[in-house]
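Peer 1: Below: sequence and its predicted model.
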Amino acid sequence: MLDAARNLKAVRDRIAEAARENGRAAEDIGLVAVSKTFDAEAIRPVIKAGQRVFGENRVQEAQAKWPALKEEHPDIELHLIGPLQSNKAKDAVALFDVMQTVDREKIAGALAAEMAKQGRRPRLYVQVNTGLEGQKAGIDPREAASFVARCRETHGLGIEGLMCIPPLDENPGPHFALLEKIAREAGVAKLSMGMSADFETAIAFGATSVRVGSAIFGARD
């Protein structure tokens, strides 16, 4: 419990330092604590230490632990940061407050239909595959701005930001710079980029939120 709280403070300190070095305000950079694969008992100490924004990769895993935690702490904000299948749109709209992985027309349509049905409107980000990696979710960077426009105009979705996961074996800086450029073209203000290994770099390139898991919770099995 003490380790998680200590780790959380260390990450927040690093965010504040990176912000200061880049002439930014620390409060303008959100921290999404990535709790995927960790159970409710591992998450509670991080909540107790004051963290309220969490990220999960899979809808089914999140359904098993977060409804009870959100009931205990109604101010928690839950982000979906893993790929979304259209058959999970109903469950995702019901559970998540923010979805960062809208990346194709079918998902946009499914989310629009579910939001209308449920009367619930999670905030949305488009995931961009900046490295054009075949195994990775995300829209082609060359199509991202027009896709954001279609999400808004065709599906009535309020896209507020972009998200990316750079290739593991590449310098993340150019990928973060590309995402920032696309955001300007698409007219979106939020940039979700940077994880445990590179969030300081992401802050230098304008990240408005960083997704940090292992630096807070420890190594995953």
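Peer 2: Done, it's in. None of the values given here were measured: they were computed from a predicted structure. Numbers count the residues shown, from 1 in each chain.

Peer 1: the strands in this structure, which residues?
Peer 2: In the chain, the strands defined using DSSP state E lie at 30-34, 53-56, 77-80, 98-102, 123-128, 159-164, 190-192, 209-212.

Peer 1: Redo those as CSV? Include mean neighbour count and distance to Glu200.
Peer 2: Yep, even glycine has a C-beta here, placed from its N, CA and C like the rest. Below are these laid out as CSV (neighbours: other CB atoms under 10 Å; distance: least, CB to CB, whole Å):
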stretch, mean neighbour count, distance to Glu200
strand 30-34, 22, 13
strand 53-56, 23, 18
strand 77-80, 23, 20
strand 98-102, 24, 20
strand 123-128, 26, 21
strand 159-164, 23, 16
strand 190-192, 23, 14
strand 209-212, 25, 9
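
Peer 1: now these in JSON lines, with mean pLDDT and distance to Arg184?
Peer 2: Formatted as JSON lines, the strands of the chain follow (pLDDT from 0 to 100; distance: least, CB to CB, whole Å):
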{"stretch": "strand 30-34", "mean pLDDT": "98", "distance to Arg184": "20"}
{"stretch": "strand 53-56", "mean pLDDT": "98", "distance to Arg184": "25"}
{"stretch": "strand 77-80", "mean pLDDT": "98", "distance to Arg184": "23"}
{"stretch": "strand 98-102", "mean pLDDT": "98", "distance to Arg184": "19"}
{"stretch": "strand 123-128", "mean pLDDT": "98", "distance to Arg184": "13"}
{"stretch": "strand 159-164", "mean pLDDT": "98", "distance to Arg184": "10"}
{"stretch": "strand 190-192", "mean pLDDT": "98", "distance to Arg184": "10"}
{"stretch": "strand 209-212", "mean pLDDT": "98", "distance to Arg184": "17"}
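
Peer 1: Could you dump those into CSV with distance to Gly134 added?
Peer 2: Shown next, in CSV, are these (distance: least, CB to CB, whole Å):
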stretch, distance to Gly134
strand 30-34, 24
strand 53-56, 24
strand 77-80, 22
strand 98-102, 17
strand 123-128, 15
strand 159-164, 16
strand 190-192, 22
strand 209-212, 22
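
Peer 1: got the contact list for the nearest residue to Arg20 once chain neighbours are set aside?
Peer 2: The shortest distance from Arg20 to any non-neighbouring residue, by CB to CB, 6 or more residues apart in numbering, is to Ala26 (7.3 Å). Ala26 makes contacts with 12, 15-16, 19-20, as judged by CB atoms under 8 Å, 6 or more residues apart in numbering.

Peer 1: For Gly206, see how far away Ala26 is.
Peer 2: Ala26 sits at a distance of 14 Å from Gly206 (criterion: CB to CB, to the nearest Å).
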